[in-house]
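>>> below are the sequence and a predicted model; questions follow.
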There are 2 protein chains.
Amino acid sequence: MLSYFEDKKAKISTYLKEFLAEKGTRFSTINTLGKDVCDRIYDFAIQGKMIRGGLVSLGFGMSRNGHFPKAGPEQMIQAGAAVELFQSALLVHDDIMDRDQVRRGFGSVFYQYARMADRAGIADAYHLGESLGICAGDLSYFLAFEVLSRLEVGPLIYQRIQKLVSQELAYVGIAQMQDIYWGASNGSVSDEEVLHLYLYKTGRYTFSLPLMIGGLLAEQSEHTLNLLEKVGEHMGIIFQLKDDEIGLFGDQSEIGKPIGSDIREGKKTLYYGLLQKRASSEDLARIAYLIGNPDINEQDVQYVRDLVVRLGIFEEVRNLTETLAGKAGALIPWLPGFKFEEREVMLKLLDYSLVRTR
Amino acid sequence: MLSYFEDKKAKISTYLKEFLAEKGTRFSTINTLGKDVCDRIYDFAIQGKMIRGGLVSLGFGMSRNGHFPKAGPEQMIQAGAAVELFQSALLVHDDIMDRDQVRRGFGSVFYQYARMADRAGIADAYHLGESLGICAGDLSYFLAFEVLSRLEVGPLIYQRIQKLVSQELAYVGIAQMQDIYWGASNGSVSDEEVLHLYLYKTGRYTFSLPLMIGGLLAEQSEHTLNLLEKVGEHMGIIFQLKDDEIGLFGDQSEIGKPIGSDIREGKKTLYYGLLQKRASSEDLARIAYLIGNPDINEQDVQYVRDLVVRLGIFEEVRNLTETLAGKAGALIPWLPGFKFEEREVMLKLLDYSLVRTR
């Protein structure tokens, strides 16, 4: 499974390298920051695993159906590169909102600028870093849209992809607003609200969107596109739920950040949503004190962990994950015209989502 | 002239009202912030004069040429609405970078959120406001791209418009990076660099882009598109130079902000670029002290004003403006197939750019 995505990542990286070098050369006739930001976006983009970008190819490969679409492997890589640029843009802005100075082991983009400004002796360097980071994120969106506009595919296909991408990114935007608002406030949040957020912030965007772009490029039927959408939603929510599980019950040395970060950051996970429903008023008061509190210790995290297990929430979320996996696993064989190799990759990705530990 | 743009503004506003109401209804199934942000974007967008949006219609009307493009007045309004949503997005992000709490007489979008968060008793309300503002700006970009993706025009036309828009917005992004970097730093900036910035930050974006969108929708020849691009560049730079003039020599009661704001904010205008070239080292030292200093008084502003006049810079910039106006005025009659009314509007807009006092 991973070799499939590694292969796509290598190709997407090559596309991005050439595209961003071309744009950087063009921008360097305007000012020096233009070339520089292209380099930073490239360095940032290639640090990810590029699962999203690879899913475009998977969505295409799965759904080939005896007909001959205008798009081929090259367009999958190109559209995958656009998807990765969108992801970079979202993360660049995300790091400003979360004040994350490190991302994927390197300085986050806004923080790179903040340090650059600081070295240049600029007062208020942090704010200039944030401002340049906002611009860099915006630029990454525009570059992604330009990559899409260069797609040599049937023009009606292209227009549908643009519409889909614009709509789904808008959903991510408002889900993100909700997420940061919840993170900053102390109000209670229900499990239904959390699952809704997961659907729009992670599920549809991370899985449905790239799979459907692949399906659209393969000129698939509405029926197949709907199936890809559904499979993506299930897998995306599984992915997020597993993220939550690893964040609370995982092995710190494996995931590279302290266990309990979600609690410290005040993140409203499904565990949180279910605790609001099941915990006693005494426990709720203690949770309210711990959530969003950066100073909690290992014992506090263990308390939350025990509570989640004792109240049956751990099992409930596990069961939900299994149910969703069952639904996704039942749909995959019904995707018209997919080949053995791609079906195997998809099922392995599903299995991986269930067992991964980081 | 203004009645032409007022008419377009009314129609664009109607389009935006319906579109954003539709999106708000869709978003309200996700969370409450989604509907709310659509309302805020609408309220924000309609506060502008919508010259950019109106220029799409002008670019179309000017260049009709005996053939019958698929697009008509309705598509001009729709594309104009997209252009205005892009503009709103840029301004929403701009206000975060400049820490502007007021825009067009109302609270800027991020500041509206900061106050909302403050009223809800959220600690760090200002930062949450910034974060929600980043999301709202991003969302406005995505909504603009969706409006474009709904254009019912020849699909190849649509793809070219998307490519053009993505490219030009990227230029604005890197010009903006330069602008805020200059604003925060004390380094010297040449007049050539300033003019280059004006070309990409204001000229091409504000005038060339909407005119060319109109030209593309009218399915015009490359020759005509090039002419529209050139006319736009000249008019855009004139517009910016006039802005600078009003900012230093204008009437405070007319423009609604203190004279000399550009100096206080450390903005690197063409006046600044030419002062670097012409001023004595003694004057340069005093300028270096004044630029970016929020505490300068009326006398300091008068000193800069006198210096700009005494060194012939005022006249030099005026002459440049006249030269550009001459070039634009010479091109407008050569635009193939334009009608009397649209030519008149264009020439009046040019005249207005030269004489406006706010």
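Received, thanks.

>>> contacts and neighbour counts: CA atoms only from here.
Will do.

>>> flag every residue of the stretch 151-300 of chain A that's near chain B.
A:155-156, A:158-160, A:162-163, A:166-167, A:169-171, A:173-178, A:180-181, A:184-185, A:196-197, A:200 (CA under 8 Å from any CA of the partner chain).

>>> buried ones among the residues you listed?
Using 16 or more other CA atoms under 10 Å in any protein chain shown as the burial test, these include A:155, A:158-160, A:162-163, A:166-167, A:169-171, A:173-178, A:180-181, A:184-185, A:196-197, A:200 as buried.

>>> among these, which are in helices?
A:155, A:158-160, A:162-163, A:166-167, A:169-171, A:173-178, A:180-181, A:184, A:196-197 (DSSP state H).

>>> so which residues of the stretch 101-250 of chain A form helices?
Assigned by DSSP state H, counting those that start in this stretch, the helices in the stretch 101-250 of chain A fall at A:109-119, A:125-149, A:155-184, A:191-198, A:209-217, A:222-249.

>>> tell me which of those sits most buried.
Compared across these, helix A:209-217 shows the largest average neighbour count, a mean of 29 (mean count of other CA atoms under 10 Å in any protein chain shown).

>>> which elements pack onto that helix?
Judged by 3 or more CA pairs under 8 Å, 6 or more residues apart in numbering or on different chains; DSSP states H and E, helix A:209-217 is in contact with helix A:51-63, helix A:73-98, helix A:155-184, helix A:222-249.

>>> nearest to residue B:49, of those helices?
helix A:155-184 (25.8 Å; CA to CA).

>>> who does that closest one touch, helix- and strand-wise?
Where contact means 3+ CA pairs under 8 Å, 6+ apart, helix A:155-184 is packed against helix A:125-149, helix A:191-198, helix A:209-217, helix B:32-45, helix B:125-149, helix B:155-184.

>>> try 7 Å this time
helix A:209-217, helix B:32-45, helix B:125-149, helix B:155-184 (3 or more CA pairs under 7 Å, 6 or more residues apart in numbering or on different chains; DSSP states H and E).

>>> with mean pLDDT added, can I get the helices and strands packed on helix A:209-217 in JSON lines?
Shown next, in JSON lines, are the helices and strands packed on helix A:209-217 (pLDDT from 0 to 100):
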{"stretch": "helix A:51-63", "mean pLDDT": "87"}
{"stretch": "helix A:73-98", "mean pLDDT": "97"}
{"stretch": "helix A:155-184", "mean pLDDT": "95"}
{"stretch": "helix A:222-249", "mean pLDDT": "94"}
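
>>> can I get the ones you listed in a markdown table including distance to residue A:273?
Listed next are those as a markdown table, based on distance: least, CA to CA, whole Å:
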| stretch | distance to residue A:273 |
| --- | --- |
| helix A:51-63 | 27 |
| helix A:73-98 | 21 |
| helix A:155-184 | 12 |
| helix A:222-249 | 12 |
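
>>> closest to residue B:293 out of these?
Closest among those, using CA to CA: helix A:73-98, at 27.1 Å.

>>> does any bit of the closest one sit next to chain B?
Yes - against chain B, helix A:73-98 shows contacts by CA under 7 Å from any CA of the partner chain at residue A:97.

>>> counting contacts, what elements does that helix pack onto?
Short answer (3+ CA pairs under 7 Å, 6+ apart): helix A:73-98 packs on helix A:2-27, helix A:32-45, helix A:51-63, helix A:125-149.

>>> next, format those as JSON lines and append distance to chain B.
Below are those laid out as JSON lines (distance: least, CA to the nearest CA, whole Å):
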{"stretch": "helix A:2-27", "distance to chain B": "8"}
{"stretch": "helix A:32-45", "distance to chain B": "5"}
{"stretch": "helix A:51-63", "distance to chain B": "19"}
{"stretch": "helix A:125-149", "distance to chain B": "5"}
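
>>> for those helices, which has the smallest mean pLDDT value?
Of all the helices and strands packed on helix A:73-98, the minimum mean pLDDT falls on helix A:51-63 (a mean of 87).

>>> and the contacts of that one?
Residues outside helix A:51-63 that contact it (CA atoms under 7 Å, 6 or more residues apart in numbering or on different chains) are A:5, A:8-9, A:76, A:80-81, A:83-84, A:206-207, A:210-215, A:217-218, A:220, A:335-339, A:342-343.
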